[in-house]
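Visitor: predicted model and sequence below, questions to follow.
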Amino acid sequence: MNLKKLQKKLAALVVAGTVAFSVVPVPTAHADLLGTVLGAGLQYAALNQQLNYYDNEGRDELFQQMQQEYGVNEDPYLNERLDSIMGSLTGAIAQVDPTVYDKPYNYFVNNDKSFNAFCTLGHNISVNTGMFDMVANDDEVAVVLGHEMGHGQKKHVQKGMRDTLIAQVGAAVLTNGSALGQLIAGVVGNVHMPRAKEREADKLAFEYITHSSYNPGACAAIWQRVMEKSPGGGSSFLSDHPDHKDRRDTYAKSLTEYSGGKVKIDADAALVKVNGKDFVTPAPADDMSSHERAYFVMGNLATAYHNGYNNANAWADGNVLMLGDQPIMEAVYGDPSASELAERLNAIK
């Protein structure tokens, strides 16, 4: 990433730090070592100062640089969707972490066609156009953005960037601010997180989604979809994360826990089970496979049971199966009718 202004500021910081020190003469045998230690110390100080700047008062400046670097997609439809999702997620996060309002997120849609989104310093988020091309609905976008906002809320980005850069500086002490600036610029949109941090962000995404109006089944459904649509892997941002199947299955377990143990899934058969009894294998519909739809049905059932509808009556509202006031699934071509599904659910719920 070519952040020229950042590099110039870093150069100035390192130079300023260098002239601020006055060192008494030392024996030649120790001079090189002392110079190396001082140089590294100055660069660490400059690094921390600049990271703190872009994470706080300079975050809007960084945001503008990101827009210039990645390009802004002005499509009104995509931007309206992103506005709605970010607004909904912010409100959901606030229910468990009110500090989200202390540093409101900046965000934009960029022109990259790959499936990706990232959060960097200063709660700055960029979402690839390809994200919207991949997903089935906004629920699935919300899962990915909830993950990125989880990184932001827990300061994973700052820690990850600092650790990455300190390791690089420690491996080869640099001699000028421009080189240090290039290191920082190179990881602004590409911070590698430890696997534990990725799992924490996934867990936070589930928590955020369950405090929103989005279907928590989307947490598993999106990774089922990625497995089907990109069987060879996906974009580079996935390389540090748990694999798609692991993430899907972990989310499915979270859905079972959220339902109080009442709802499970046979992932291979796309079979949703209630109280250990077979309930339904949804038919493929639109651009969704039976497997992807099954996780959305699972999510609605989990929500119903979590909200206390254990003894509620299942009923058909036209083509929509309801459990109490909670919609469960729309019966489409290839599915049993909503009335048949209601009768089946009442017998096992």
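Guide: Right, received. Where do you want to start?
Visitor: neighbours of the nearest residue to G299 once chain neighbours are set aside, how many?
Guide: Spatial nearest neighbour of G299, chain neighbours left out: G217 (2.1 Å); criterion: C-beta to C-beta, 6 or more residues apart in numbering. Every C-beta, even on glycine, is put in place using the N, C-alpha and C of the backbone. By the measure other C-beta atoms under 10 Å, the count of residues near G217 is 32.
Visitor: list the contacts for G217?
Guide: By C-beta atoms under 8 Å, 6 or more residues apart in numbering, the contact list for G217 reads L255, Y295, F296, V297, M298, G299, N300, A302.
Visitor: rerun at 6 Å
Guide: G217 is in contact with Y295, F296, M298, G299, counting by C-beta atoms under 6 Å, 6 or more residues apart in numbering.
Visitor: which member of those residues is positioned nearest D335?
Guide: Closest approach between the contacts of G217 and D335, by C-beta to C-beta: F296, at 12.7 Å.
Visitor: burial measure for the closest one, as a count.
Guide: Residues lying near F296 (other C-beta under 10 Å) number 25.
Visitor: quick check: it vs A302, distance?
Guide: 11 Å (C-beta to C-beta, to the nearest Å).
Visitor: could you do T120 as well?
Guide: Using C-beta to C-beta, T120 is found at 33 Å from A302.
Visitor: so what's H211 scoring on pLDDT?
Guide: We have a pLDDT of 98 for H211.
Visitor: and the closest residue to it other than its chain neighbours, how many neighbours?
Guide: Once flanking residues are discounted, H211 sits nearest to A92: 4.1 Å by C-beta to C-beta, 6+ apart. By the criterion of other C-beta under 10 Å, A92 has 22 neighbours.
Visitor: list the buried residues in the helix or strand containing A92.
Guide: Element membership for A92 (DSSP states H and E) is helix 76-96. By neighbour count on 16 or more other C-beta atoms under 10 Å, the buried set for helix 76-96 is L78, N79, R81, L82, I85, M86, S88, L89, T90, A92, I93.
Visitor: now pLDDT too, for these, in JSON lines please.
Guide: Converted to JSON lines, the buried residues of helix 76-96 look like this (pLDDT from 0 to 100):
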{"residue": "L78", "pLDDT": "98"}
{"residue": "N79", "pLDDT": "98"}
{"residue": "R81", "pLDDT": "98"}
{"residue": "L82", "pLDDT": "98"}
{"residue": "I85", "pLDDT": "98"}
{"residue": "M86", "pLDDT": "98"}
{"residue": "S88", "pLDDT": "98"}
{"residue": "L89", "pLDDT": "98"}
{"residue": "T90", "pLDDT": "98"}
{"residue": "A92", "pLDDT": "98"}
{"residue": "I93", "pLDDT": "98"}
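Visitor: just how off-centre is the helix holding A92 within its chain?
Guide: Here the centre of helix 76-96 is set off from its chain's centre by 13 Å, with C-alpha atoms, centre = their mean, to the nearest Å.
Visitor: check which helices and strands it is in contact with.
Guide: For helix 76-96, the packing partners by 3 or more C-beta pairs under 6 Å, 6 or more residues apart in numbering; DSSP states H and E come out as strand 106-110, helix 138-153, helix 195-210.
Visitor: looking at it, H156 is touching K197, isn't it?
Guide: Yes - H156 lies in contact with K197 (C-beta atoms under 6 Å); the separation is 4.8 Å.
Visitor: pLDDT value on R162, please?
Guide: 81.
Visitor: what about it, which helix or strand?
Guide: Counting by DSSP H and E, the element that carries R162 is helix 156-171.
Visitor: all helices for the chain, in order.
Guide: 4-19, 28-55, 59-70, 76-96, 129-134, 138-153, 156-171, 177-187, 195-210, 218-229, 244-258, 290-306, 338-348 (DSSP state H).
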